[in-house]
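1. Fold the stuff below for me.
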Amino acid sequence: MNQKIAILCSGGDVSGMNPALKRFVEYAYARNLQPYFVRNGYEGLIDNHIVPADYHDVAGIITRGGTKIGSARSLRFKEASYRAVAAENLRSHGIDRLIVLGGDGSFRGMERFYHETGIAFCGIPSTIDNDINGTDYCLGVDTALGVIKDAIDQIRDTASSFHRAFVIETMGRDCGYLTLISAITSGAELCLIPELPVDIDDFKGCFQSQIAKGRDYFIAVVSEALDSKKVAEWFEKELGFESRVSVLGHIQRGGNPSVYDRLMAFKFVTYAIDALLEGKNHSIICYNKSHFNFKTIDEVALHPYRLDEELLNLAREQFLPTRCQM
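-> Residues are numbered from 1 along each chain as shown. Below you'll find the predicted structure:
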C-alpha cells in the first residue's frame, strides 16, 4: 500500500461531510490506497495537521452533521509562500493526491496549488447554498432543506394559531435556491429572492383580497441577502398583521445527514478517487440531470451560478404579484 491519498474540508461545514469521510477511508482501502485526513482545511495543510486515517476514525460518524476533521477558511493559503509550505508537508508524507470538499473559492485555491506543485486534486461541491456553477446539486443541501422544512412547518402552527405573519429568513448568500425551494415546498404565501426583484407593495391588493376570502395568517420566506425586518414591518403597516421574524441561521448547516446526502457523499467520493487513479489531476465532480461528470475549474469557478430556469418559472408562477390570486 505505497500510494497515499488525503482529504480535507474547506469553508462552511455541511451535513454529508462525515458520510464522505467514512466512504473515503473505506474506498481508499478497497483501492489499495493509504488514506490520510487533513485537519482544519488548508490551515491544516500549512500547519502539517496531516494524519493517517483508519476504520476506527470513521466508525459511527455517518449519522453526524458537520465534519469530524474540522474545516476553516484560510487567508494564508492565498499566499504563495504558505502554499509552498503546504506542498512540502504533503510530500513529507508521500501524498500526491488530494480530495477537497468545499466551494468554488476552495477549488480556485487548489487549481493554483496544482499548477504550482503538481499535486493532483478532485473537488467535491459541498455547500448548503447550492451556488456552484456547473452542478445541479451540492453536498449538504438536501439536509439543509429538510431542516428549513421542519422549522417552517413548526412556525406555521404558531402563525395559524395567533393569526400572524411570520417572515422566515434562510441562508444562501446571494443565491436564492434554499429560499425558493423552501417557499414552494412549504406552501408559503410570499417568497423574496435576489434573482426575482419585486416591489412588495405590488402584493398589497392581492393579499387584501385573500384576507377578505378567509386568509388569516401569512408565511413569507426571504433570502438573507434581503431585509427581513422591513418585510415584517410591511405586513404590520400595510395589512395590519402582527408579525415576527425568524432568522434560521446556522441551524441550517447542521443536523443528522439525510439519506440522500449520505448516498450522494458515497457516490461523490467514489467518483473522485477513481478519477484521481485514472489520471484526472485537477477536476471537479459535478452532478447534472441525474448523471455525474467532471468539469474544469474554469467551468465551475469562473462563471456565476444561476438558478435553473425551470425553478425560476415556478417562482414566477407561484410568487410574482402579477400571478397572485385576487
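2. neighbours around residue 267, how many?
-> Burial of residue 267 is recorded as 17 neighbouring residues (other CB atoms under 10 Å). For the C-beta atoms, the positions are set from N, CA and C on the backbone; glycine is no exception.
3. Check which residues of the helix or strand of the chain with the lowest mean pLDDT are buried.
-> For the chain, using mean pLDDT, DSSP states H and E, the weakest element among its helices and strands is helix 297-301, scoring a mean of 76. Buried residues in helix 297-301, defined by neighbour count with 16 or more other CB atoms under 10 Å: 297, 300, 301.
4. How far off centre is it?
-> Relative to its chain's centre, helix 297-301 lies at 17 Å (CA atoms, centre = their mean, to the nearest Å).
5. got it, and stretch 252-267?
-> 11 Å.
6. returning to what we had before: so what secondary structure elements neighbour the least confident helix or strand of the chain?
-> Counting contacts by 3 or more CB pairs under 8 Å, 6 or more residues apart in numbering; DSSP states H and E, helix 297-301 packs against helix 104-117, strand 120-125, strand 282-288.
7. Quickly compare the ones you listed and say which is most buried.
-> Comparing the helices and strands packed on helix 297-301 by mean neighbour count (mean count of other CB atoms under 10 Å), strand 120-125 comes out on top with a mean of 27.
8. So what touches that one?
-> Applying CB atoms under 8 Å, 6 or more residues apart in numbering, the contact partners of strand 120-125 are 20, 96-103, 106-107, 110, 113-114, 132, 135, 137-139, 268-269, 272-273, 275-276, 280-287, 297, 300.
9. quick one on the thing from earlier: so for residue 197, which of the helices and strands packed on helix 297-301 sits nearest?
-> helix 104-117 (23.9 Å; CB to CB).
10. ok, and what's touching the closest one?
-> Under CB under 8 Å, 6+ apart, the answer for helix 104-117 is 10-11, 41-42, 74, 77-78, 80, 83-84, 86-87, 98, 100, 119-121, 123, 132-133, 281-282, 284, 297, 300-301.
11. repeat that for 7 Å
-> 10-11, 42, 77, 83, 87, 100, 119-121, 123, 132, 281-282, 284, 297, 300-301 (CB atoms under 7 Å, 6 or more residues apart in numbering).
12. same deal with stretch 77-85?
-> 42, 46, 76, 86, 109, 113, 116.
13. Take those and write them to TSV, including pLDDT and distance to residue 2.
-> Putting the contacts of stretch 77-85 into TSV (pLDDT from 0 to 100; distance: CB to CB, whole Å) gives the following:
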residue	pLDDT	distance to residue 2
42	96	26
46	98	26
76	95	31
86	97	22
109	90	28
113	93	23
116	94	25
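14. Thanks a lot, see you next time.
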